[in-house]
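Peer 1: Here is the input, now give the coordinates:
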Amino acid sequence: MSWKTFIGCAWTLLSLLAMTCGLVACQSIQTTLTGATDAAKAERSNAVDVCRAWKDVTYSSRDTNRTQDEVRANNASRDAYCGAP
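Peer 2: Coordinates of the predicted model:
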């Protein structure tokens, strides 16, 4: 094999390697972005399900002060997380 042929093969190999590395880098960025988007969608979906199930709690005047305070705290937490019903 001549020196020129060797240089040509090495140049071709290095060029292919550089292009392949670029493609792999783009793929990992795309996968990361898609994964983040999917996680955000799943989190929003879970929040909607939680808010549907998490109803306001009522209390009676016969309940203890502690129970009434805990019910108010629960309802305030729901309002902060889901918005007022």
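
Peer 1: and residue 46, how far is that from residue 74?
Peer 2: Applying Cβ to Cβ, to the nearest Å, one obtains 19 Å for the distance of residue 46 from residue 74. All C-beta spots, glycine's among them, are computed from the backbone N, C-alpha and C.

Peer 1: Who has more neighbours out of the two?
Peer 2: Neighbours around residue 46 and residue 74, counted as other Cβ atoms under 10 Å, are more numerous at residue 74. The numbers are 15 against 10.

Peer 1: Help me confirm that the more buried one comes into contact with residue 55.
Peer 2: No. Under the criterion of Cβ atoms under 8 Å, residue 74 is not in contact with residue 55, lying 10.0 Å apart.

Peer 1: Which of the helices or strands spans residue 60?
Peer 2: Assessed by DSSP states H and E, residue 60 sits outside every helix and strand.

Peer 1: neighbours of it, just the number please.
Peer 2: 8.

Peer 1: Please apply the same query to residue 53.
Peer 2: When neighbours are counted by other Cβ under 10 Å, residue 53 registers 7.

Peer 1: which stretches of the protein form strands?
Peer 2: Assigned by DSSP state E, the strands in the chain number zero.

Peer 1: okay, and for it, where does confidence drop off?
Peer 2: 1-4, 6, 8-11, 13-14, 16-36 (pLDDT under 70).

Peer 1: can you pull the contacts of residue 46?
Peer 2: Contacts were defined as Cβ atoms under 8 Å, 6 or more residues apart in numbering; by that measure residue 46 touches no other residue.

Peer 1: Tell me how far it lies from residue 59.
Peer 2: When Cβ to Cβ is applied, the distance between residue 46 and residue 59 equals 28 Å.

Peer 1: Near residue 78, how many other residues are there?
Peer 2: Other residues within reach of residue 78, judged by other Cβ under 10 Å, total 18.
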